[in-house]
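*Asks:* The sequence and its predicted three-dimensional model are supplied below.
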There are 2 protein chains.
Amino acid sequence: MKRIMIDKLNEYIDKEAKIEGWVHRIRCLKAITFLILRDRTGLVQCVIDNELVKSDMIKLESVVAITGNVKESNNKLNKFEIEVNNLETINNCKNELPIEINKENLNINLDTMLNNRVLSLRHEKINAIFKVQNLIVSGFREYLIMEGFTEIFTPKLVAEGAEGGTEVFEVKYFENKAYLAQSPQFYKQMMVAAGFERVFEMGHVYRAEQHDTNRHLNEYISMDLELGFINNQEDIMNLEEELLKFIIDKVENEAQKYLQLLNVELPKIEDTIPRIKLNEAIDILRKEYNKTDLEGDLDPEAEKLICEYAKEKLGSDFIFLTHYPRAKRPMYTMPCGEEETHSFDLLFRGIEITTGGQRIHDYNMLINNIKYKGLDPNDYESYTEIFKYGVPKHGGLAIGLERIVSKILGLENVREATLITRDRTRLIP
Amino acid sequence: MKRIMIDKLNEYIDKEAKIEGWVHRIRCLKAITFLILRDRTGLVQCVIDNELVKSDMIKLESVVAITGNVKESNNKLNKFEIEVNNLETINNCKNELPIEINKENLNINLDTMLNNRVLSLRHEKINAIFKVQNLIVSGFREYLIMEGFTEIFTPKLVAEGAEGGTEVFEVKYFENKAYLAQSPQFYKQMMVAAGFERVFEMGHVYRAEQHDTNRHLNEYISMDLELGFINNQEDIMNLEEELLKFIIDKVENEAQKYLQLLNVELPKIEDTIPRIKLNEAIDILRKEYNKTDLEGDLDPEAEKLICEYAKEKLGSDFIFLTHYPRAKRPMYTMPCGEEETHSFDLLFRGIEITTGGQRIHDYNMLINNIKYKGLDPNDYESYTEIFKYGVPKHGGLAIGLERIVSKILGLENVREATLITRDRTRLIP
């Protein structure tokens, strides 16, 4: 008999059907037992005659196959239930459960959640996080493919750090040393120059940062894009606005079930996202919030405050900060005058979720800027070389997947938006 | 003025339009110059009055913006051409080109192609490879999402090698050692067990293999899937048949332009792909091809021969070989009797493009099989632990992206299907 998914059982009223899944809950009465079965599409109540099945042998979270008649019913879960004819155990749960999966809320701390990841993910509210994540990821790809972008896969094993930073993981690569890529920056620029013009990549990036905060991971998913034939960073910000609107609409349309479960209100983008220069933001923070210790960048507290300002004064969940100083931006960033750059960050609900901007496309300017940053152009030759052969004006951005997911869903820690976390102390599972 | 893409110029006949791209070819006559411009959508002939622009200053592969009138014309490229009113150089090509991008075929060796990757990718026949790759990747995702799969992103930094092999890259992870994942095997099984039931991942995998062949890479893209509530490996093979049909149809429908350019005939799957046991295949090779040196597996020559056999005798570009011996399969493979396993390989045009099969879902059987393979169960505790808590019968497969792309397109070396190659000697660019 073919397995029927629980969310299709309404098509089998008064018929026999076979369902398979995990034993979510058991309530044993004198003559009958109520068993709630869970599959990837939902929950269903099954009624078992105690003379038919020794229900005291059934353990929570065992995998079972149930055949029975689908009957109309008024229970909390559905307008139907299953009168069980046969119950077969496929794989018994052998141990006591370390967490209670069938409670409305898990109410466990983060460590317990991550240490028991396969079990905590079985909880519908935890599982739902990744259903929404899937829609965000699909939305990102769909919009960009529609806009003529090509998806690229570029190496994560590199000979040198893209940003010239020191926080890289070292890899033994045969007789050489390699490093894990901190971003696909150089490669996405190369692929614009290789004639694809518009490229995106969704892949792992690595940061060997020591810190242990609720917003950093040592391995995370970066949603990167880069495009040529732009005028300046404004084109990139325009693109991101439309991209985010598309993603939010997609989540709104396809994730209602999960949004209700998680009690989430989606952010809205009315027309455009406010854009202010970083310097103005620093002025605002000084004048309105008495935040006087900022120099050329925001700290986490300032990011929260400027988002409060955006929400209260500008009516926006998002805010673009632009024109970061040359001193704070990587060597490939297009300068804007002597001090500033054609760059931006996008902040959302208290945190930076995107860094982007226009890049240098002129070979001589790039070499000079590498020197200006105190770096040696010879270290970047395989990258700078391409700028001798006709590179269009271009720019791009990167969105941290776990950050945008956790901020959209109101999660406290980016780790909650990772299936399996990699941080300072977690290499297992 | 807004940029118009070359493939939309037919909508601008007798109007002025602005195009931007690379200078693909220049032919200077006495009074006029013919310039072929290339953007990501195609090529167009532009006619320049030599009194207007000093065309001897224009270099091949420079990036330019051209404004002009779109006129009907009978040239080799299109039914229109551009009468140039203005030509502006955005970024000049500064060096002599090391390869000739505007020839019908590049005719360069593989090293030259990979060493000049940004330039070789500008050639339309090279570029087309990755347009087809994009459709294969999209097809894989679309089909699986339609079938209820969840996309997952799992760590590439792991504490131990998934396959128990030695060919792993070692990473310095703070004060610990980590390794680059050889496959997402353990994690995709965990995510099936975590209630997603059906998962896929498209990501980098790493093999520290020393060999330098035309079919191995040290970093490549694995298209992985895993699903629960199956009966046995037959279900996985059925799924792969439908998946491949979907992908081939998608490429057929959306990549005609690239297939013609590359002179490619797509494989056909009539109904089902032939399935024969590995032992039978070895018998056939011995009897029909006098290949007598095989023991429990095929070598590259045998893979070619059995594919010849499948094509000639069974009329199929694909062939499934099943029931590989326990001795040759990893410890998580479901045994089938004492000697064999519920496993398969899929061979296509002379090469293995998929390994798959049913996995062990029972805790005790798994522990015993780990021991049978001469491994220590303690080394796999974070993996085996999950099997105590109700794991459904499950299985899956992995398709090597570069292999399937190169075999579909008739490329001689998998490196041609990588944007940037990572092999024994290539860490740059």
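*Replies:* Arrived safely, thanks for sending.

*Asks:* Please count neighbours and contacts with C-alpha atoms only from this point.
*Replies:* Noted.

*Asks:* how close does residue A:138 get to chain B?
*Replies:* According to CA to the nearest CA, to the nearest Å, residue A:138 and chain B sit 9 Å apart.

*Asks:* export the helix or strand encompassing that residue as PDB, just CAs?
*Replies:* Using DSSP states H and E, residue A:138 sits within helix A:124-146. What follows is helix A:124-146, C-alpha atoms only, in PDB (Å, rounded to 0.1, in the frame of the first residue of the first chain):
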ATOM      1  CA  GLU A 124       7.600  22.000  14.600                       C
ATOM      2  CA  LYS A 125       8.600  25.500  15.700                       C
ATOM      3  CA  ILE A 126      12.300  24.700  15.200                       C
ATOM      4  CA  ASN A 127      11.700  22.900  11.900                       C
ATOM      5  CA  ALA A 128       9.700  25.800  10.600                       C
ATOM      6  CA  ILE A 129      12.700  28.100  10.800                       C
ATOM      7  CA  PHE A 130      14.400  26.200   8.000                       C
ATOM      8  CA  LYS A 131      11.200  26.000   5.900                       C
ATOM      9  CA  VAL A 132      11.300  29.800   5.900                       C
ATOM     10  CA  GLN A 133      15.000  29.800   5.300                       C
ATOM     11  CA  ASN A 134      14.400  27.700   2.200                       C
ATOM     12  CA  LEU A 135      11.900  30.200   0.900                       C
ATOM     13  CA  ILE A 136      14.400  33.100   1.400                       C
ATOM     14  CA  VAL A 137      17.100  31.200  -0.400                       C
ATOM     15  CA  SER A 138      14.700  30.300  -3.300                       C
ATOM     16  CA  GLY A 139      13.500  33.900  -3.500                       C
ATOM     17  CA  PHE A 140      17.100  35.100  -3.700                       C
ATOM     18  CA  ARG A 141      17.900  32.800  -6.600                       C
ATOM     19  CA  GLU A 142      14.600  33.200  -8.400                       C
ATOM     20  CA  TYR A 143      14.800  37.000  -8.500                       C
ATOM     21  CA  LEU A 144      18.300  37.100  -9.700                       C
ATOM     22  CA  ILE A 145      17.800  34.400 -12.400                       C
ATOM     23  CA  MET A 146      14.900  36.500 -13.600                       C
END
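
*Asks:* Going by secondary structure, the spatially closest residue to residue A:418 that is not a sequence neighbour is in what exactly?
*Replies:* Closest residue to residue A:418 apart from its sequence neighbours, by CA to CA, 6 or more residues apart in numbering or on different chains: residue A:402 at 6.6 Å. If you go by DSSP H and E, residue A:402 is part of helix A:401-409.

*Asks:* What angle do helix A:124-146 and that helix make with each other?
*Replies:* Following axes from the mean of the first three to the mean of the last three CA atoms, to 10 degrees, one obtains 120 degrees for the angle between helix A:401-409 and helix A:124-146.

*Asks:* Show me what helix A:401-409 is packed up against.
*Replies:* When contacts are defined as 3 or more CA pairs under 8 Å, 6 or more residues apart in numbering or on different chains; DSSP states H and E, helix A:401-409 packs onto helix A:124-146, strand A:219-228.

*Asks:* who touches the longest one?
*Replies:* When contacts are defined by CA atoms under 8 Å, 6 or more residues apart in numbering or on different chains, helix A:124-146 is touched by residues A:105, A:120-121, A:151, A:200, A:243, A:246-248, A:250-251, A:254-255, A:258, A:261-262, A:405, A:409, A:417, A:419, B:150-151, B:195-196.

*Asks:* again, only this time at 6 Å
*Replies:* A:121, A:247, A:258 (CA atoms under 6 Å, 6 or more residues apart in numbering or on different chains).

*Asks:* can you tell me the average pLDDT over it?
*Replies:* On average, the pLDDT along helix A:124-146 is 98.

*Asks:* List the pairing partners of whichever helix or strand comes after it within its sheet, with orientation.
*Replies:* Using DSSP H and E, the helix or strand that follows helix A:124-146 in sequence is strand A:150-151. Here strand A:150-151 is paired, per DSSP bridges, with strand A:198-206 (parallel).

*Asks:* Residue A:214: neighbour count?
*Replies:* 13 (other CA atoms under 10 Å in any protein chain shown).

*Asks:* actually residue A:257, sorry about that
*Replies:* Neighbours around residue A:257, by other CA under 10 Å: 13.

*Asks:* in the helix or strand it falls within, what's buried?
*Replies:* Using DSSP H and E, the element containing residue A:257 is helix A:256-262. The neighbour-count check on helix A:256-262 (16 or more other CA atoms under 10 Å in any protein chain shown) flags A:258, A:259, A:262 as buried.

*Asks:* Then stretch A:367-384?
*Replies:* Of the residues in stretch A:367-384, A:367, A:369, A:370, A:373, A:380, A:383, A:384 count as buried by neighbour count, 16+ other CA under 10 Å.

*Asks:* Of these, which is the nearest to chain B?
*Replies:* Set against chain B, the nearest of the buried residues of stretch A:367-384 by CA to the nearest CA is residue A:383 (7.1 Å).

*Asks:* Wait, a helix at that closest one?
*Replies:* Yes. Checked against DSSP: H, G, I helix; E, B strand; the rest coil, residue A:383 lies within a helix.

*Asks:* nearest spatial neighbour of it, skipping sequence neighbours?
*Replies:* residue A:186 (6.6 Å).

*Asks:* circling back to that earlier point, now render the buried residues of stretch A:367-384 as JSON lines, adding distance to residue B:341, secondary structure and pLDDT.
*Replies:* Formatted as JSON lines, the buried residues of stretch A:367-384 follow (distance: CA to CA, whole Å; DSSP: H, G, I helix; E, B strand; the rest coil; pLDDT from 0 to 100):
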{"residue": "A:367", "distance to residue B:341": "58", "secondary structure": "helix", "pLDDT": "98"}
{"residue": "A:369", "distance to residue B:341": "60", "secondary structure": "helix", "pLDDT": "97"}
{"residue": "A:370", "distance to residue B:341": "57", "secondary structure": "helix", "pLDDT": "95"}
{"residue": "A:373", "distance to residue B:341": "59", "secondary structure": "coil", "pLDDT": "93"}
{"residue": "A:380", "distance to residue B:341": "50", "secondary structure": "helix", "pLDDT": "92"}
{"residue": "A:383", "distance to residue B:341": "48", "secondary structure": "helix", "pLDDT": "95"}
{"residue": "A:384", "distance to residue B:341": "52", "secondary structure": "helix", "pLDDT": "96"}
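
*Asks:* from those, which is closest to residue A:190?
*Replies:* If you rank the buried residues of stretch A:367-384 by distance to residue A:190 using CA to CA, residue A:383 comes first, at 7.8 Å.

*Asks:* hmm, back to that, which two among the buried residues of stretch A:367-384 are spaced furthest apart?
*Replies:* Taking CA to CA, the two most distant members of those are A:373 and A:383; they sit 16.1 Å apart.
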